[in-house]
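1. need a 3D model of the sequence below.
(4 chains)
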There are 2 protein chains.
Amino acid sequence: MTTKRAPTIEPASQEHAYLQIGEVAERTGVTQRTLRFYEEKGLLKPPSRLDGGFRLYSEDDVRRVEEVKRLQTLLGFTLADIKDMVEAEEIKSQIKATYRRDAEVSERRAKIEKAKEVTVRQVAVIDQKLAALLDMKSHLEEKVTRYDGWLQHLDDLASLPAG
Amino acid sequence: MTTKRAPTIEPASQEHAYLQIGEVAERTGVTQRTLRFYEEKGLLKPPSRLDGGFRLYSEDDVRRVEEVKRLQTLLGFTLADIKDMVEAEEIKSQIKATYRRDAEVSERRAKIEKAKEVTVRQVAVIDQKLAALLDMKSHLEEKVTRYDGWLQHLDDLASLPAG
DNA sequence: GTTTACCTTGACGTTCGCGTTAGTGTTTCG
DNA sequence: CGAAACACTAACGCGAACGTCAAGGTAAAC
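-> The predicted model follows:
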């Protein structure tokens, strides 16, 4: 049995502190190519690197990948759209960084409001999709009912002698 | 004012019995190219033609186009997937055609059950999407709440004299 | 220290879902 | 009739989202 290679540098006492690209790919179900592609397109911030140049991802990065994938497959956003969204997400980090005393309160407020706005819009999109999906579902269920009716009809015919 | 050209052949006494490709495009919001493309890919059955070769679409065709579009943009299915679905839809017509007395009752039953199966699977897919969307929505709403909290916090700070 | 597994950066290829000419035919208006 | 408006097929083009080599460098195991 070949021994799996473990993440080289882990900040002592933390498990799985950093992951290489292969492990991230395995966990998230995307390919390594996709991870590099996302980075290239600005959907993932350039991860830290091992001395040799190997990418080292954090758990946050993993969550980010999963979020991107959800936004893509479930909501059907393009990667360009998603980029805008995750950039708005970045604001959260920036907000905490901008927390140098109360230096720029209005700037801080503006950023939060921007982030909130983006989020609210996402909710609106979701609501649209939900409504449309529910509509489709009821239509489909009607169809099933109709099919069942036809099948029942066939049963009834079969249980009679002859026409 | 240029007089709009009306569908040439309409079965007397029916309004809008047949539509040309341009009108269908306008109604459905897709381009003529898209309509021909769908036909090419088997998503639309080849429509009837005018003597000169112009396509003549029925209202059913229009509904079909709209359904395809919904499946694509709302549910994010590929055209290949959608083809399978609408083909299952075709079964409905076939069922009525197979209604030559009670000739092949078991065949008829088989087709209905197939159609029902496909529909049930579509409902399952929708349920998955619904669950995922609801999950996302609650997450997003939490985020909004958090943003509001931060904004409120800033308000509170502002209403105080000095730190 | 060499094997082996894993990673790196290019760079070209592919599939999907159409867009966009190009060149030609058809139908309706006046 | 001719001019507009509309349609036809064929074929090449394109952006998105990766897939797939190729030609190496690196890290861990033995």
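2. neighbours of the spatially closest residue to residue A:27 that is not a sequence neighbour, how many?
-> Among residues not flanking residue A:27 along the chain, residue A:62 sits closest, at 6.1 Å (CB to CB, 6 or more residues apart in numbering or on different chains). C-beta here means a position set from N, CA and C on the backbone, and glycine is covered the same way. Residue A:62 has 16 neighbouring residues, counting by other CB atoms under 10 Å in any protein chain shown.
3. does residue A:62 touch residue A:26 like I think?
-> No: the criterion here is CB atoms under 8 Å, and residue A:62 misses it with residue A:26 at 10.7 Å.
4. ok, residue A:105 - contacts?
-> B:154, B:157, B:158 (CB atoms under 8 Å, 6 or more residues apart in numbering or on different chains).
5. switch to 7 Å and redo it
-> Shown in contact with residue A:105 (CB atoms under 7 Å, 6 or more residues apart in numbering or on different chains): residue B:154.
6. if I look at it, how far off is residue B:151?
-> For residue A:105, the distance to residue B:151 equals 11 Å [CB to CB, to the nearest Å].
7. before we move on, what about residue A:21?
-> 38 Å.
8. repeat that for residue A:126.
-> 22 Å.
9. which one's more surrounded, the two?
-> residue A:126 (19 against 15).
10. now the more buried one: which helix or strand?
-> If you go by DSSP states H and E, residue A:126 is part of helix A:105-158.
11. between that helix and helix B:105-158, how big is the angle?
-> 160 degrees (axes from the mean of the first three to the mean of the last three CA atoms, to 10 degrees).
12. who touches the closest residue to DNA strand C within chain A in this structure?
-> As assessed by CB to the nearest atom of the strand, DNA strand C sits closest to residue A:22 within chain A, at 2.5 Å. Residue A:22 is in contact with residue A:32, counting by CB under 7 Å, 6+ apart.
13. and it, what's its pLDDT?
-> Note on residue A:22: pLDDT of 98.
14. any idea how far residue A:28 is from it?
-> 11 Å.
15. would you agree residue A:122 is in contact with residue B:139?
-> No: using CB atoms under 7 Å, residue A:122 is not in contact with residue B:139, being 9.9 Å away.
16. of the two, who's got more company?
-> Neighbours were counted for residue A:122 and for residue B:139 using other CB under 10 Å; residue A:122 has more, 22 against 14.
17. residues near the residue nearest to the more buried one when sequence neighbours are not counted, how many?
-> Spatial nearest neighbour of residue A:122, excluding adjacent residues (CB to CB, 6+ apart): residue B:140 at 5.5 Å. When neighbours are counted by other CB under 10 Å, residue B:140 registers 18.
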